[in-house]
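K.L.:
Starting from these lines, generate the structure:
(2 chains)
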Amino acid sequence: MSNVVALSSLIQGRQVWQGRAAPAPGSDQPTGWAMLDAVLPSGGWPAAALTEILLPADGVGELQLVLPTLARSTQAGRTVMVIAPPYAPYVLGWEAGGVVMSRVDVVIAHAADALWAAEQCLRSGSCAAVLTWPLHADDRAVRRLQVAADTGKALAFAFRDRRHALQASPAALRLELETEPSLQVRVRKCRGGNPPAHPVPLSAGRS
Amino acid sequence: MLWACVLLPHLALDGILRRRPASDTPLVLLHGPAQARSIFAANAAARAAGLRAGQRLSAAQALLSQFEAVEYDAEAAARWHRLLAAWAYRYSSEVVLLPHAIVLEVSRSLGLFGPWPHFEARLREDLCALGFRHRITLAPSAHAAYVLAGVHDGLALMTPDTLLRALTPVAVRHARLPAHAAASLPAMGIRTLGQLLRLPRAGLQRRFGSALLDYLDQLTGAGPELMQGYRPPDSLDLRMEWAQEIEHVEALVFPLRRLTGDLAAYLAGRDGGVQRFVVELEHRGMPSTRLPVGLLAAERDAALLFDCARGRLERQQLPAPVVAMRLLARELPPFVPAGRDLFDARPAHAMPLEQLRERLRARLGEQALQRLRHTIDPRPEQAQTSAEAVKYTHAVEALPRPTWLLDPPIPLRGPVPTILAGPERLETGWWDGGDLRRDYYVVRTAQGQCAWVFCAPGEQGPWMLQGWFA
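P.N.:
Numbers count the residues shown, from 1 in each chain, chains lettered A, B, ... in the order given. Coordinates of the predicted model:
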């Protein structure tokens, strides 16, 4: 041990993770699900960042998770982009969730163009939220989305299949939807805190 | 009245140079019959090598072994001239085309564009961006400004006295006098305008007729100036051609930037916008490729027009090499600038939403961007549309409706699902032949998905999947 480094300088240099992170500032992007907000370190969606939502199958309730957020944004007059959705959004169902459909732009694109479109929308800074379904996106593409979301200060939601859970992801928040025993959300990764040990049931209702 | 004259001494040459990237290769414009070709104009590199306008082609070839020669096209030069008139129309409602020059009345524009030094700087900035060399003078009469632009650059005269003083030393051969007077006056010992103006009017009238006196009156501002004003055309047709063939789309980007820049300059002059225009790529011996560019609203920002046109161009497969590019804009609706909030909280570099939508449409196609709205039709397949004509209405549907729609419905496979709600019978559509009679149920599949399914009335299966409660 030739060079001795003082412990305090390491800690002050913020190079050592202490396990007990400072509480993150409260998010101004609540998810609309009280129990989920309670376990997330920022108290809501990570602002200006990518949220990855992993699904066992299409149609398990992934939109229910984000509809309160979309409703809040569109009612405030902000635009939401839905890029290359796997099915057509059904207007009546979305409106029942409170979404103002005149503020929702659906972009029809091929898989190759969809990532480009998502990045453009995120980067533009004129969208409140961007929903994408990257099918064949690799680590780099996901990182681009994350950087674009940060640049344009927008919420990015990437819906992906559960099998991508094993890959590392640059997303600020990773949620996995589970349907057994009932619909629940397991936080796989969250920036700024430890993921909670237990899944959050969604059937408990929104706030 | 104050007239600004923009003299364009190298109009034809600049028209050629501006559509190619800057380079140091000597270039000349040729004209004249095939036996006696001579140089019409030469660029800086060619002039440095000793090539001059009016020189014979054979003499030029003796001086310089390698240079590029382009045929002088009077029609093209006239087109550039008109384009610049359209640009000048932006600054003044009285624009007159004179040979190699544009004259515009600016006394009323000064209030809008600031004092003359600012205004002049603005004109020069625009002309440099458009790629035309120029000289600018200001004088109380149009003809005087035109004459002075031939001998000065940047001269600004506001009053008739200073004008007379400035005109006095101008040589007669530079004064753009009527041809017969200009030819014979030097032989009489009259060399400057000052000498000419001091001559008795009666004698001049006898010798040269009233044309010369009228011209002198116009020059000094004593007589009325009658000139044909410029009126901008109602449609725009710009064309650019190359000597060589272009095979790659990337190489077309530079000329495209010029064309859209010209379009923007023209639109700004006309105080209009463009909503759709066509870029035509011409090929040798086959019909040209048309690229229609459509915008959501009338726009005239050069960068935005270029961005959209480029998006279209980059998606295009070239069937053959391109020899010319043409830009046609027929519909030029009025332009309404978009308002922006002073206290906008968005990031500084944010792109306006409309511009983002244009960009997406340019790359992905006209129909790529949809705003869905529901109709009053109860049939799920017809319950929503992206058509613009339908108004947004707010409907409250008491019965459960999914968030994803499968159109057309597909058979639901897998184990027998659990029924959560239903049936809800839809029996409708008798008015247009699309009758349907279905019982809708909300079911949960073995995988835990919540599905909106239907089957024939009174039965429970086989299920057709119409939507997901995602």
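
K.L.:
C-alpha only now, for contacts and for neighbours.
P.N.:
Noted.

K.L.:
Tell me how many other residues surround the residue of the stretch 51-200 of chain B found nearest chain A.
P.N.:
Closest residue of the stretch 51-200 of chain B to chain A, C-alpha to the nearest C-alpha: residue B:129 (27.3 Å). For residue B:129, the count of nearby residues is 12 (other C-alpha atoms under 10 Å in any protein chain shown).

K.L.:
That one sits in which helix or strand?
P.N.:
Residue B:129 belongs to helix B:116-130 when elements are defined using DSSP states H and E.

K.L.:
That helix: how far from the chain's middle?
P.N.:
How far helix B:116-130 lies from its chain's middle: 18 Å, per C-alpha atoms, centre = their mean, to the nearest Å.

K.L.:
Now do the helix or strand following it: everything it contacts.
P.N.:
The first helix or strand that comes after helix B:116-130 along the chain, using DSSP H and E, is strand B:135-139. Contacting residues not belonging to strand B:135-139 are listed as B:2-9, B:120, B:145-146, B:148-149, B:152-159, B:163 [C-alpha atoms under 8 Å, 6 or more residues apart in numbering or on different chains].

K.L.:
So among those residues, which ones count as buried?
P.N.:
Members of the contacts of strand B:135-139 that pass the buried threshold by neighbour count (16 or more other C-alpha atoms under 10 Å in any protein chain shown) are listed as B:2-9, B:120, B:145-146, B:148-149, B:155-158, B:163.

K.L.:
If you count contacts, what does the strand or helix carrying residue A:131 end up packed against?
P.N.:
Taking DSSP H and E as the criterion, the element that holds residue A:131 is strand A:127-132. For strand A:127-132, the packing partners by 3 or more C-alpha pairs under 8 Å, 6 or more residues apart in numbering or on different chains; DSSP states H and E come out as helix A:62-75, strand A:79-83, helix A:111-124, strand A:155-161.

K.L.:
would you turn the ones you listed into a markdown table with mean neighbour count?
P.N.:
A markdown table is the format used below for those (neighbours: other C-alpha atoms under 10 Å in any protein chain shown):
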| stretch | mean neighbour count |
| --- | --- |
| helix A:62-75 | 20 |
| strand A:79-83 | 25 |
| helix A:111-124 | 23 |
| strand A:155-161 | 24 |
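
K.L.:
mind putting those in a markdown table, mean pLDDT and distance to chain B included?
P.N.:
Formatted as a markdown table, the helices and strands packed on strand A:127-132 follow (pLDDT from 0 to 100; distance: least, C-alpha to the nearest C-alpha, whole Å):
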| stretch | mean pLDDT | distance to chain B |
| --- | --- | --- |
| helix A:62-75 | 91 | 5 |
| strand A:79-83 | 93 | 8 |
| helix A:111-124 | 88 | 5 |
| strand A:155-161 | 92 | 12 |
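
K.L.:
Walk me through the domains of chain B.
P.N.:
For chain B, the structural domains run B:3-25+B:67-220, B:236-329, B:399-468, going by automatic domain parsing.

K.L.:
Check the gap between the spatially most central residue of chain A and residue A:145 for me.
P.N.:
Centre of chain A computed as the mean C-alpha position; nearest residue by C-alpha atoms, centre = their mean is residue A:51, 1.8 Å away. Applying C-alpha to C-alpha, to the nearest Å, one obtains 10 Å for the distance of residue A:51 from residue A:145.

K.L.:
anything in contact with each of these two?
P.N.:
With contacts defined as C-alpha under 8 Å, 6+ apart, the residues adjacent to both residue A:51 and residue A:145 are residue A:156.

K.L.:
if we can go back for a sec, nearest to residue B:43 among the domains of chain B would be which one?
P.N.:
domain B:3-25+B:67-220 (7.3 Å; C-alpha to C-alpha).

K.L.:
Distance check, the residue nearest to residue B:228 when sequence neighbours are not counted against residue B:122.
P.N.:
The shortest distance from residue B:228 to any non-neighbouring residue, by C-alpha to C-alpha, 6 or more residues apart in numbering or on different chains, is to residue B:96 (6.4 Å). Counting by C-alpha to C-alpha, the gap between residue B:96 and residue B:122 amounts to 19 Å.

K.L.:
Could you do residue A:163 as well?
P.N.:
Residue A:163 sits at a distance of 60 Å from residue B:122 (criterion: C-alpha to C-alpha).

K.L.:
Tell me which of these two has more neighbours.
P.N.:
More neighbours surround residue B:122 than the other of residue A:163 and residue B:122, with 14 against 10 (other C-alpha under 10 Å).

K.L.:
Show the pLDDT at the more buried one.
P.N.:
According to the prediction, residue B:122 has pLDDT 91.

K.L.:
Name all residues that make contact with whichever residue of chain B sits closest to chain A.
P.N.:
Ranked by C-alpha to the nearest C-alpha, the top residue of chain B for proximity to chain A is residue B:470, at 3.8 Å. When contacts are counted by C-alpha under 8 Å, 6+ apart, residue B:470 is found next to A:58-64, B:402-404, B:449-450.

K.L.:
Going along the chain, name the helices of chain A.
P.N.:
With DSSP state H applied, chain A shows helices at A:7-12, A:34-39, A:62-75, A:91-96, A:111-124, A:139-152, listed in chain order.

K.L.:
which one of the ones you listed lies closest to residue A:168?
P.N.:
With C-alpha to C-alpha, the closest approach to residue A:168 among the helices of chain A belongs to helix A:139-152: 7.8 Å.

K.L.:
how distant is that closest one from the center of its chain?
P.N.:
Helix A:139-152 has its C-alpha centroid displaced from the chain centroid by 12 Å (C-alpha atoms, centre = their mean).

K.L.:
which helices and strands does that helix pack with?
P.N.:
Right, helix A:139-152 is packed against strand A:50-55, helix A:111-124, strand A:155-161 by 3+ C-alpha pairs under 8 Å, 6+ apart.

K.L.:
Quick check: mean pLDDT of that helix?
P.N.:
This predicted structure assigns helix A:139-152 an average pLDDT of 88.

K.L.:
Could you check the angle it makes with helix A:111-124?
P.N.:
Calculated by axes from the mean of the first three to the mean of the last three C-alpha atoms, to 10 degrees, helix A:139-152 forms an angle of 30 degrees with helix A:111-124.

K.L.:
Need the residues that contact helix A:139-152.
P.N.:
Looking at helix A:139-152 with C-alpha under 8 Å, 6+ apart, the contacting residues turn out to be A:48-50, A:115, A:118-120, A:122-126, A:155-156, A:168-172, B:347, B:350.

K.L.:
ok, now stretch B:433-441?
P.N.:
Everything outside stretch B:433-441 that qualifies as a contact, by C-alpha under 8 Å, 6+ apart, is B:419-430, B:452-458.

K.L.:
Then stretch B:150-163?
P.N.:
Under the criterion C-alpha under 8 Å, 6+ apart, residues B:2, B:7, B:135-140, B:144, B:148-149, B:170, B:174, B:220-221 lie in contact with stretch B:150-163.
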